[in-house]
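1. Okay, here's the prediction I keep looking at, along with the sequence it came from:
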Amino acid sequence: MLGRRGPEQYEFFAGSLRELIPDEHVLARVDRVLDLSWMRDEVAGLYSAEAGRPSTDPEAAVRLMLAGFLLGLVHDRRLMREAAVNLAIRWFARFGLTEPLPDHSSLTRIRQRWGAARFRRIFERTVTACVAAGIAKGEVVHLDATLIRADVSWEALAQRWVATLEAENEPVDQAAREGKQTGRYKKVCTTDPDATMATTGRRQRLEPAYKQHTAVCDQAGVIVDGEATTGELNEGGELVPAIERVEAVTSTAVAVASADAGYAYAKVYGALKRRGITAVIPPKAEPIRSPVPMRRFRYDARHDRLTCPRGKTLKADRRVKHRRFFTARAKDCRRCDLARLCRSGGRVNKAVVVGDDYPALLRARRRRERWSDHDKAVYARHRWRVEGVHGEAKTRHGLARAVRRGLANIRIQVYLTAAAINLKRLAAAIAAMLYALAVALIAEVEIAPRARRANTGFASA
């Protein structure tokens, strides 16, 4: 006879929700390595001990947020709708089967009250746990940056008049190199002023965006540093601060740092050289803007002297941001056979701009021609280590677009995304260690009786 199940058949469940969750579920695996017992003391000073109604438990709130990032449910409303019917999220956040969940607005108020610094400490705790487990060291790190599209519409963009760069005593070419928009007008976002116009390539249009700066350990792909800035900020200026943060959280000196050509600036090579760090960064080719290019001028770092192709010395002149002008004497240029090709139009002498740490850039260009096999292997791993982390964060954890507005909220999103990825790495590593230990113990149990029988002279039947 064909069976029938009535629409109202209730069952009473008496047991733990953990019994209904598979062991291989991502929340079950992460729960084995997650420790948030310190959160209550961390945020206790932000709440009144006597006044007001009881708040959401700090550990439960963080567990709810982490569950959302682990499962790709980065919007609070969607997360809480899913938590109402998802037993795994309820169990992970330590809520009972019939216990009421907090409203989505509670998570917003918690983020505003705690601030981005406390969420960064959550991320740093995951890095410390990975270092303690032996899956991260911080000796070889890969650094890269990626854009996060701001949560605004095109209708929210407006043109705003700005002061000309000449009025600010800032050269136009310098501002262009630093990613600033030149001219009397620039596009700004009226609904999210912290988002700035940026693009991933010259052929791509400018979009309101933020920029995520990431440092990944070479050993197992653990994120050892993550930070968010406005979209127009140049990533080269964030490399050294990222190195300092990595060394602080891992308590290990960085030995090798790899990055793409977006970081190939003289100031970056010089800063890494002074810190004793090997830079695996391919330098950019020298731009040829003149028939007599810069490489034909010889710079003597010891005597701070620049010599032109005809052997004439250029003297150091005025200084601008991160570089200096070297100018030749007018009479030397007047007698030179290269003057017609070398001088700019309307000038009576040659002027050359030499950036700070220019010798470091020259050394990097010479070193690039004789990269060792180890350097090539490090740079090959850079492409899939850090760029793979960016792809993972955007496709699986919702970092392709900003969830909320404001730089502080974007930083919280970056920190929680990095923490979620690190927890997955840590859970997988611990599971692999336990499996290897179990296999070794089983092998020892099987071999030990045979060894004892061999020593006593008895053989198995």
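-> That came in fine, so what should we check first? None of the values given here were measured: they were computed from a predicted structure.

2. remind me, longest helix of the protein?
-> Secondary structure of the chain per DSSP state H: the longest helix is helix 407-456.

3. same for that one, what does it pack against?
-> Contacts defined by 3 or more C-beta pairs under 8 Å, 6 or more residues apart in numbering; DSSP states H and E place helix 407-456 against helix 26-31, helix 58-71, helix 116-133, strand 207-217, strand 223-230, helix 373-396. Backbone N, C-alpha and C define where each C-beta goes, glycine included.

4. do that again at 10 Å, thanks
-> For helix 407-456, the contact count by 3 or more C-beta pairs under 10 Å, 6 or more residues apart in numbering; DSSP states H and E identifies helix 26-31, helix 58-71, helix 104-114, helix 116-133, strand 140-149, strand 207-217, strand 223-230, helix 373-396 as packing neighbours.

5. now for the second one, which elements pack on it?
-> The criterion is 3+ C-beta pairs under 10 Å, 6+ apart, and the helices and strands that helix 58-71 contacts are helix 26-31, helix 39-43, helix 76-83, helix 87-92, helix 104-114, helix 116-133, helix 373-396, helix 407-456.

6. Adding mean pLDDT, mean neighbour count and distance to Ala316, write those helices out as CSV.
-> Output for these, formatted as CSV (pLDDT from 0 to 100; neighbours: other C-beta atoms under 10 Å; distance: least, C-beta to C-beta, whole Å):
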stretch, mean pLDDT, mean neighbour count, distance to Ala316
helix 26-31, 95, 19, 58
helix 39-43, 92, 15, 52
helix 76-83, 96, 18, 57
helix 87-92, 95, 22, 63
helix 104-114, 95, 16, 51
helix 116-133, 96, 19, 43
helix 373-396, 93, 16, 34
helix 407-456, 85, 17, 39
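
7. nearest to Ala266, of the helices and strands packed on helix 407-456?
-> When the helices and strands packed on helix 407-456 are compared by C-beta to C-beta, strand 140-149 sits nearest Ala266, at 17.1 Å.

8. For that closest one, output the C-alpha coordinates as PDB.
-> What follows is strand 140-149, C-alpha atoms only, in PDB (Å, rounded to 0.1, in the frame of the first residue of the first chain):
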ATOM      1  CA  VAL A 140      58.400  34.300   2.600                       C
ATOM      2  CA  VAL A 141      55.400  36.500   1.900                       C
ATOM      3  CA  HIS A 142      53.500  37.400  -1.300                       C
ATOM      4  CA  LEU A 143      51.900  40.800  -1.500                       C
ATOM      5  CA  ASP A 144      49.200  42.100  -3.800                       C
ATOM      6  CA  ALA A 145      46.200  44.400  -3.900                       C
ATOM      7  CA  THR A 146      42.800  44.100  -5.500                       C
ATOM      8  CA  LEU A 147      39.800  46.400  -5.900                       C
ATOM      9  CA  ILE A 148      36.500  46.000  -4.100                       C
ATOM     10  CA  ARG A 149      33.600  47.600  -5.900                       C
END
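
9. For that strand, buried residues please.
-> Counting neighbours by 16 or more other C-beta atoms under 10 Å, one finds that the buried residues in strand 140-149 are 140-149.

10. Could you take these and lay them out as CSV, with extra columns for pLDDT and distance to Glu207?
-> Shown next, in CSV, are these (pLDDT from 0 to 100; distance: C-beta to C-beta, whole Å):
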residue, pLDDT, distance to Glu207
Val140, 95, 33
Val141, 96, 29
His142, 96, 25
Leu143, 96, 23
Asp144, 95, 19
Ala145, 95, 15
Thr146, 94, 13
Leu147, 94, 8
Ile148, 95, 10
Arg149, 94, 6
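
11. Let me know the closest of these to Ala330.
-> Nearest to Ala330, judged by C-beta to C-beta, of the buried residues of strand 140-149 is Ala145 at 44.2 Å.

12. Kindly provide the distance from the residue nearest to the closest one when sequence neighbours are not counted to Thr214.
-> Residue nearest to Ala145 in three dimensions, not counting chain neighbours: Glu235, with 4.0 Å by C-beta to C-beta, 6 or more residues apart in numbering. Separation of Glu235 from Thr214 (C-beta to C-beta, to the nearest Å): 10 Å.

13. quick one: which of the two has more around it?
-> Thr214 (27 against 22; other C-beta atoms under 10 Å).

14. which residues sit in contact with the more buried one?
-> By C-beta atoms under 10 Å, 6 or more residues apart in numbering, Thr214 lies in contact with 141-146, 223-228, 242, 385-387, 389-390, 393, 414, 417-418, 421.

15. Number of residues surrounding the closest residue to it other than its chain neighbours?
-> Excluding the flanking residues, the one nearest Thr214 by C-beta to C-beta, 6+ apart is Gly226, at 5.3 Å. When neighbours are counted by other C-beta under 10 Å, Gly226 registers 27.

16. Could I get the contacting residues of Gly226?
-> Gly226 touches 120, 123-124, 127, 212-216, 242, 245, 389, 393, 411, 414-419, 421-422, counting by C-beta under 10 Å, 6+ apart.

17. Could you do Leu338 as well?
-> Counting by C-beta under 10 Å, 6+ apart, Leu338 makes contact with 291-292, 296, 308-310, 350.

18. Can I have the buried ones of the residues you listed as a PyMOL selection?
-> Only the buried entries of those go into this PyMOL selection, using 16+ other C-beta under 10 Å:
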select buried, resi 292+308+310+350
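
19. okay if I get the contacts of Leu338 as a markdown table plus pLDDT, secondary structure and distance to Arg366?
-> Formatted as a markdown table, the contacts of Leu338 follow (pLDDT from 0 to 100; DSSP: H, G, I helix; E, B strand; the rest coil; distance: C-beta to C-beta, whole Å):
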| residue | pLDDT | secondary structure | distance to Arg366 |
| --- | --- | --- | --- |
| Pro291 | 75 | coil | 24 |
| Val292 | 76 | coil | 21 |
| Arg296 | 79 | helix | 16 |
| Cys308 | 86 | coil | 21 |
| Pro309 | 82 | coil | 19 |
| Arg310 | 82 | coil | 24 |
| Lys350 | 83 | coil | 25 |
